[in-house]
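In: This is the structure alone, sequence omitted:
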């Protein structure tokens, strides 16, 4: 149990670093001269580091073991954050986001497989819940931690949240290396492509859609809030964009993966529509409600269902299957943000968000229609 706890804490720390700098985006890119485009490029640089890691190194831990990639990911997170302390600029933000992407790719693929091996191969859904809980809290907690730190310290490029990561990450890296081995490394190629198990296309597509709304919430919505004088809510919005999903995971675990997927597909457009209405009416209550609804899908129902289904359908390739799922997720997470950033500078932030909503509604309806006829809902066993 100690090994599972330390692994969960390590996954939390890796993902905590990812959005740690989010409340400072506008400060980092202030002198770049590119507006929303600069934020979109810096935000999506994360995927530039992550996607090659998922595509080429998703099965690396099958060869070298699970512990080392996670330890490296922890150190990369600390180094990327230190770079922003010593050189708080747009260029450094891009480099830091690339390093954070590499770390996330290493940790999530190795960590999912390792957690299943620690808990037991017949407890796939339990292991998936542990991973989704740790990473959801991490992705949301970083932004909230920096937001709270800034409210206590005032404007600074070295908030308390950064200092906390510098202390915890190296310690966890050492503890990860000291954990017992639970896997049996195989003499396979270092470069291993992701696995996309049969019957999982709907789960992957749905997670891509869900994370596209989260990407927009984290990267683009804060810019609109700032334009309305509501920038002090940014940290809470980003935290809710992920934390509410964590709260929904126990409920999602009691459902079959198919029912959780259907629930997520309903919440995706409902959440972003409510959020956009809140932006239009300058109602922070509606913004927070829409963010919470989107989060319930992105890091709750759809996230747990997808991770569990991919692992269940590829028991001999869990690390590579996890990489396959995150390929779907991060394509959705990045492309809309990049497109909306360019569009926002051309026609305006709100108009770009409205265009995204129209595309989101259309594609979600298509995925739901394709999905509805391919499965019959059944209640999941507790050990599934």
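Out: Received the coordinates, thanks. Source: prediction; values computed, not measured. Numbers count the residues shown, from 1 in each chain.
In: ok, residue 206 touching residue 306?
Out: Yes - using CB atoms under 8 Å as the test, residue 206 is close enough to residue 306 to be in contact (6.9 Å). (Glycine included, C-beta is placed from N, CA and C.)
In: who touches both of the two?
Out: residue 261 (CB atoms under 8 Å, 6 or more residues apart in numbering).
In: Return the set of buried residues in stretch 248-265.
Out: Under the neighbour-count criterion of 16 or more other CB atoms under 10 Å, stretch 248-265 has 248-249, 252-253, 255-265 buried.
In: quick one: which of those residues is nearest residue 142?
Out: residue 249 (18.6 Å; CB to CB).
In: give me the element the closest one is part of.
Out: Residue 249 belongs to helix 234-253 when assigned by DSSP states H and E.
In: pLDDT weak spots in the stretch 101-250 of the chain?
Out: 121-125, 182-192 (pLDDT under 70).
In: I'd assumed residue 158 was in a helix, is it?
Out: No - counting by DSSP: H, G, I helix; E, B strand; the rest coil, residue 158 falls outside a helix, being coil.
In: So residue 311 lies in a strand, does it not?
Out: No - checked against three-state DSSP, residue 311 lies outside a strand; its state is helix.
In: That one: how many residues sit nearby?
Out: 26 (other CB atoms under 10 Å).
In: thinking again about what came up before, which secondary structure elements does the helix holding residue 249 contact?
Out: Applying 3 or more CB pairs under 8 Å, 6 or more residues apart in numbering; DSSP states H and E, we find helix 234-253 packed against helix 124-153, helix 201-219, helix 221-227, helix 284-296, helix 302-312.
In: biggest separation within the buried residues of stretch 248-265, which pair?
Out: 253 and 265, at 18.1 Å, using CB to CB across the buried residues of stretch 248-265.
In: Where do the helices of the stretch 251-384 of the chain begin and end?
Out: 257-281, 284-296, 302-312, 318-347, 349-372 (DSSP state H, counting those that start in this stretch).
In: Kindly provide the distance from the closest residue to residue 15 other than its chain neighbours to residue 219.
Out: Sequence neighbours aside, residue 138 is the residue nearest to residue 15 in space, at 3.0 Å (criterion: CB to CB, 6 or more residues apart in numbering). Between residue 138 and residue 219 the computed distance is 18 Å (CB to CB, to the nearest Å).
In: now residue 96
Out: Distance from residue 96 to residue 219, by CB to CB: 15 Å.
In: Same question for residue 55.
Out: For residue 55 relative to residue 219 (CB to CB), the value is 23 Å.
In: Give me the more crowded residue out of those two.
Out: Between residue 55 and residue 219, residue 219 has the larger neighbour count (other CB under 10 Å), namely 26 against 17.
In: The more buried one reaches residue 344, doesn't it?
Out: No - counting by CB under 8 Å, residue 219 does not reach residue 344; the two are 10.4 Å apart.
In: Quick check: neighbours shared by these two?
Out: By CB under 8 Å, 6+ apart, the residues touching both residue 219 and residue 344 are residue 40.
In: Leaving out the residues flanking it, which one is nearest to residue 288?
Out: residue 240 (6.0 Å).
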